[in-house]
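Novice: Sequence and computational prediction follow.
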Amino acid sequence: MNRWEELTGGNTGEDYAARFAALAASGKDTHGEARFCAALVPAGARVLDAGCGTGRVMTRLVELGYDCVGVDVDASMLAVARRQAPELPWIQADLTEFDPADFQLAADFDLVVAAGNIFPLLATGTEEAVVHRLAAVLRPGGLLVSGFGLDAAHLPVPPSITLPEYDSSCAAAGLTPVDRFSTWDADPYDGGGYAVSVHRR
């Protein structure tokens, strides 16, 4: 069981979706992740939303013209995604075992995005395996983008992975660092408790 399942019990999809719907209704921008990704690769690019949840990021990217696939282990989150966008490819799978070939998909994504604290919410000790899985689905030159909290103020669970550990896992998977930011609005990274990292295969 991963830390997300321990935290939520795997049945919080509706509540999660309602929270973001309320934020959007209040006028808050909820599309920072999609906007960030769209600045990195052109419309039409293939994007894997790793840990897609209810599909908030992916559905926006599709609206912007991207060819997307979403994968998540949480059935309750995917149920919301499938209800809201039944025409899109939503896959239930554990990222530690994800293989596109199992779903008749080519491993040639231009970008993989792991938003929403995916890495700190994995089962402890599986982070490097997931980086390897995600790196393997990228075409040469493709990008892995991840954003996650590094301290208690930015996480619903105790911190479990540091930036040096994440960078080491990326290096082991054949990825090279491109840039790092403190927000999805591309503010420069200042050593704070949240980081958005871009690595290239």
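Specialist: Sure, I can see it.

Novice: Next one, pLDDT for Asp67 please.
Specialist: On the pLDDT scale, Asp67 is placed at 98.

Novice: Skip the chain neighbours and tell me the closest residue to it.
Specialist: Arg46 (4.8 Å; C-beta to C-beta, 6 or more residues apart in numbering). No exception for glycine: its C-beta is placed from N, CA and C like everyone else's.

Novice: Confirm Val196 sits in a strand?
Specialist: Yes. Val196: assigned to a strand according to DSSP: H, G, I helix; E, B strand; the rest coil.

Novice: okay but Glu127 is in contact with Tyr166, surely?
Specialist: Yes. With contact defined as C-beta atoms under 8 Å, Glu127 counts as touching Tyr166 (7.1 Å).

Novice: now the residue positioned nearest the centre of the chain: how far from Arg83?
Specialist: Nearest to the mean C-alpha position of the chain, by C-alpha atoms, centre = their mean, lies Ala114 at 1.7 Å. Ala114 is 23 Å from Arg83, where distance means C-beta to C-beta, to the nearest Å.

Novice: cool, and Leu175?
Specialist: 35 Å.

Novice: Same drill for the two, tell me which one is more crowded.
Specialist: Taking neighbours as other C-beta atoms under 10 Å, Leu175 and Arg83 compare with Leu175 leading, 23 against 13.

Novice: Asp185 is in contact with His31, isn't it?
Specialist: No. When contacts are counted by C-beta under 8 Å, Asp185 is not listed as touching His31 (10.9 Å).

Novice: who's more crowded, those two?
Specialist: His31 (17 against 11).

Novice: Next, the contact list for that one, please.
Specialist: 57, 60 (C-beta atoms under 8 Å, 6 or more residues apart in numbering).

Novice: can you give me the helices in the chain?
Specialist: In the chain, the helices defined using DSSP state H lie at 3-8, 13-25, 32-38, 56-63, 75-84, 127-136, 163-172.

Novice: right, and those helices - which one's nearest Val157?
Specialist: helix 3-8 (5.3 Å; C-beta to C-beta).

Novice: returning to that earlier point: can you list residues touching both of Glu127 and Tyr166?
Specialist: With C-beta under 8 Å, 6+ apart, Glu127 and Tyr166 have common neighbours Phe119.

Novice: hang on, Val113 packs against Arg56?
Specialist: No. Checked against C-beta under 8 Å, the pair Val113 and Arg56 is beyond contact range at 11.6 Å.

Novice: Give me the more crowded residue out of the two.
Specialist: Taking other C-beta under 10 Å, Val113 and Arg56 do not tie; Val113 has more neighbours (29 against 23).

Novice: Can you tell me the closest non-neighbouring residue to the more buried one?
Specialist: Closest to Val113 by C-beta to C-beta, 6+ apart is Val145, at 4.8 Å.

Novice: surely that neighbour meets Asp110?
Specialist: No. With contact defined as C-beta under 8 Å, Val145 does not count as touching Asp110 (11.1 Å).

Novice: So those two - more neighbours on which side?
Specialist: Val145 (24 against 20).

Novice: How about the contacts made by that one?
Specialist: For Val145, the contact set (C-beta under 8 Å, 6+ apart) comprises 36-37, 40, 111-115, 196-198.
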